[in-house]
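Student: Mind looking at a prediction? Sequence and model below.
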Amino acid sequence: LAALIVSGVTLGGVAGCGGVSGGEGKQQGGTLTVLAASSLIDAFGELANRFEEQNPGVKVRQSFESSSTLLAQIQQGAPADVFASAAEEEMKTAVEEGLVNGEPEVFVMNREIIMVPKENPANINQFRDVAKPDVKLVLAGKDVPAADYALEILGKAKGEYGADFEKDVLSNVVSRESDVRASVNRVVVGDADATFGYASDYTPDIRDRVKVVPIPPDLNIVATYPIAALEDAKSPELAKKWVELVTSEEGQRVLHKWNFEPAA
Amino acid sequence: VKGRDKVGSSTRLARGSDTLASGLAVASLALLAGFVSLPLLSLGIWTVDKGAWRAMASPVAVDALLLSVRTTAITMAILLLVGTPAAYVLARTDFRGSRVINTLIDIPVVLPPSAAGIALLLAFGRLGLVGQYLNVFGITLSFTTAAVVIAEVFVAAPFYVRQAATGFGAVDRTVEEAAMVDGAGHWRRFFRVTVPLALPALVAGALTAWARALGEFGATIIFAGSFRGVTQTIPLAIFAEFQRDLDAAVALSVLVLGFAFVVILAVRYVTAGSTG
């Protein structure tokens, strides 16, 4: 398989040279590997199609997991070109360990929401209802940004709803999922009464099965998503181009379409 | 090929190729043994080197081990209770559709566990085919230890039932009939004659099924979810810890390895007397 990929890259390179006839000396073809937080799956999926159209012969491979899982994979030497994290912390660790090439750029922002099944079996109509007894609440796993943000929100809410609020909510947790999309799917399939997710996780395909309960703005957090090319990138040129696309006006439009907020 | 004309050289050739063949076979065995032991050795070295064994006593590890012990014990109790008579029927009777049932029982073996998890979710989840009616009675299985057991029974059952049925099938009918002539009732005959004769197969099947239940991951994480002490068995804890703390994941892996080893040795020891 490795040989196949290598020969594909070489062929692409050769074809590129012939086609462009040395005009800009741009290398065409190749594979770009993007590791991205699972909340980016739809927006980056669309951007990958555009990237492949704009760079004929280039193949974009993407892996979507929680930012903490992706960081662990990068630390263990997973071959990848770009890392897009749902939180500054994972990116900071990557920078500190010298895994990142250049300065990370914050490219988008997100907010948390509560999602409940359309039938709303636990009757959750406002944020404070998630503390009611016997609510089956699902969270992403420990250290997954979406869950860390949720805990941050609960910490803030203590002041407003009393000291027991956080404890009551946490005692409702019935499962910790591997990433935020998995926890949203627990609500989609109707087994969980509620979960914390990002505004961008409320995608068109689940809107007929899921309802949003907003989190009061004064308690909500702003999740900032940094992106960076990786030090060990196999295709550093493509990595740079991908970051450019994501931060470009076009990229921002696509991200906005998927409910992300523009960075600053 | 030309050597076939001469008897002497063909024998020598055959002997030579025999040596070559057995040499290759031995080399293959050595290769396989090395291939299996290397990862296990790496686990051990890492554990000692990084002091990862400390994580074995962590609350996450202890809870996961206790949950795995509990759920696999219940799973085995259910399998022995329901699977043994079921296997006997499969082995002894040839009713209409028995071939269909035979195939059906084997399906979880070839079904990827994650697919099994989705299937279980759609059947027993809160809005599932059966789950929605259970929900009316206030019974919800998702996110409970019962869901873990259901997942384990689903994936492990064929391993026990298949081997048990083969074991029962190998018991000579005339021996059973002789016991009947001697006046033994059905129950007595089954427990005094059939089961002891099929015991090696039953034990082997039970061990395979138990090992499969212990390792169950995909169906459990999808159907039951993951929560410490309730649904987070050892394989799920390894996955969760791998995303946070590699040392803890290593420690859990060594822990489950040791646990499996002890159980298999114990079963072999206990049954050695009765199975010969």
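Tutor: Right, received. Where do you want to start?

Student: Around A:Pro79, count how many other residues there are.
Tutor: A:Pro79: 13 surrounding residues under other Cβ atoms under 10 Å in any protein chain shown. Heads up, the C-betas are built off the backbone N, CA and C, glycines and all.

Student: nope, B:Trp46 is what I meant
Tutor: A total of 17 residues lie near B:Trp46 under the criterion other Cβ under 10 Å.

Student: who in chain B is up against chain A?
Tutor: B:121, B:125-127, B:140, B:142-143, B:221, B:225-227, B:230-231, B:239-240, B:242-244, B:246 (Cβ under 8 Å from any Cβ of the partner chain).

Student: Is the single nearest residue of chain A relative to chain B bridged to anything, and to what?
Tutor: Here the residue of chain A nearest chain B is A:Ser175; by Cβ to the nearest Cβ that distance is 3.0 Å. Beta-bridge partners for A:Ser175, by DSSP bridges, are A:Val138.

Student: Could I get the full set of strands for chain B?
Tutor: Taking DSSP state E as the test, none of chain B falls into strands.

Student: contacting residues for the residue of chain A closest to chain B?
Tutor: By Cβ atoms under 8 Å, 6 or more residues apart in numbering or on different chains, A:Ser175 lies in contact with A:Val138, A:Leu139, A:Ser183, A:Arg186, A:Ala192, B:Phe143, B:Gly225, B:Ser226, B:Phe227, B:Thr231.

Student: Using JSON lines, please lay out those together with neighbour count, distance to B:Leu43 and pLDDT.
Tutor: What follows is those, written out as JSON lines (neighbours: other Cβ atoms under 10 Å in any protein chain shown; distance: Cβ to Cβ, whole Å; pLDDT from 0 to 100):
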{"residue": "A:Val138", "neighbour count": "30", "distance to B:Leu43": "32", "pLDDT": "97"}
{"residue": "A:Leu139", "neighbour count": "28", "distance to B:Leu43": "30", "pLDDT": "96"}
{"residue": "A:Ser183", "neighbour count": "30", "distance to B:Leu43": "31", "pLDDT": "94"}
{"residue": "A:Arg186", "neighbour count": "27", "distance to B:Leu43": "32", "pLDDT": "95"}
{"residue": "A:Ala192", "neighbour count": "30", "distance to B:Leu43": "35", "pLDDT": "96"}
{"residue": "B:Phe143", "neighbour count": "24", "distance to B:Leu43": "31", "pLDDT": "91"}
{"residue": "B:Gly225", "neighbour count": "28", "distance to B:Leu43": "27", "pLDDT": "92"}
{"residue": "B:Ser226", "neighbour count": "24", "distance to B:Leu43": "22", "pLDDT": "93"}
{"residue": "B:Phe227", "neighbour count": "22", "distance to B:Leu43": "26", "pLDDT": "93"}
{"residue": "B:Thr231", "neighbour count": "26", "distance to B:Leu43": "25", "pLDDT": "95"}
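
Student: Closest to B:Arg192 out of these?
Tutor: For the contacts of A:Ser175, the residue nearest B:Arg192 by Cβ to Cβ is B:Thr231; the value is 40.7 Å.

Student: burial count for residue 163?
Tutor: Picking chain A for this. A:Ala163 has 8 neighbouring residues, counting by other Cβ under 10 Å.

Student: not what I meant, chain B
Tutor: For B:Gln163, the count of nearby residues is 23 (other Cβ under 10 Å).

Student: Next: B:Ala170.
Tutor: Count around B:Ala170 with other Cβ under 10 Å applied: 12.

Student: There's contact between it and B:Leu202 in this structure, I believe.
Tutor: No: if you go by Cβ atoms under 8 Å, B:Ala170 and B:Leu202 don't touch, sitting 11.5 Å apart.

Student: list the contacts for the residue nearest to A:Pro145 when sequence neighbours are not counted?
Tutor: Closest residue in space to A:Pro145, ignoring its immediate chain neighbours: A:Ala87 at 3.6 Å, by Cβ to Cβ, 6 or more residues apart in numbering or on different chains. Taking Cβ under 8 Å, 6+ apart as the contact definition, A:Ala87 lies against A:Ala37, A:Ser67, A:Pro145, A:Asp148, A:Tyr149, A:Ala223, A:Thr224, A:Tyr225.

Student: Is the last one in a helix, a strand, or coil?
Tutor: Under DSSP: H, G, I helix; E, B strand; the rest coil, the three-state class of A:Tyr225 is strand.

Student: Return the distance of it relative to A:Glu250.
Tutor: To A:Glu250, A:Tyr225 is 17 Å away according to Cβ to Cβ, to the nearest Å.

Student: Of the two, which one has the most company?
Tutor: More crowded of A:Tyr225 and A:Glu250, by other Cβ under 10 Å: A:Tyr225, with 29 against 13.

Student: Surely the more buried one and A:Glu89 touch.
Tutor: No: with contact defined as Cβ under 8 Å, A:Tyr225 does not reach A:Glu89; the gap is 12.0 Å.

Student: can you give me the helices in the stretch 101-250 of chain A?
Tutor: Assigned by DSSP state H, counting those that start in this stretch, the stretch 101-250 of chain A shows helices spanning A:145-161, A:164-171, A:180-188, A:236-247, A:249-257.

Student: An error on my part: the question was meant for the stretch 51-200 of chain B.
Tutor: Going by DSSP H, counting those that start in this stretch, the stretch 51-200 of chain B shows helices at B:59-78, B:84-92, B:98-110, B:113-124, B:131-136, B:145-169, B:173-181, B:186-189, B:195-215.

Student: Which neighbouring elements make contact with the shortest one?
Tutor: Of the remaining helices and strands, those touching helix B:186-189 by 3 or more Cβ pairs under 8 Å, 6 or more residues apart in numbering or on different chains; DSSP states H and E are helix B:173-181.

Student: now for the helix it packs on, which elements pack on it?
Tutor: helix B:186-189.

Student: Quick one: distance of the helix it packs on to the chain centre.
Tutor: Between the centre of helix B:186-189 and the centre of its chain there are 29 Å (Cα atoms, centre = their mean, to the nearest Å).

Student: Please apply the same query to stretch A:81-99.
Tutor: In this view, stretch A:81-99 has its centroid 13 Å away from the chain centroid, taken as Cα atoms, centre = their mean.

Student: Likewise for stretch A:38-55?
Tutor: Offset of stretch A:38-55 from its chain centre (Cα atoms, centre = their mean): 12 Å.
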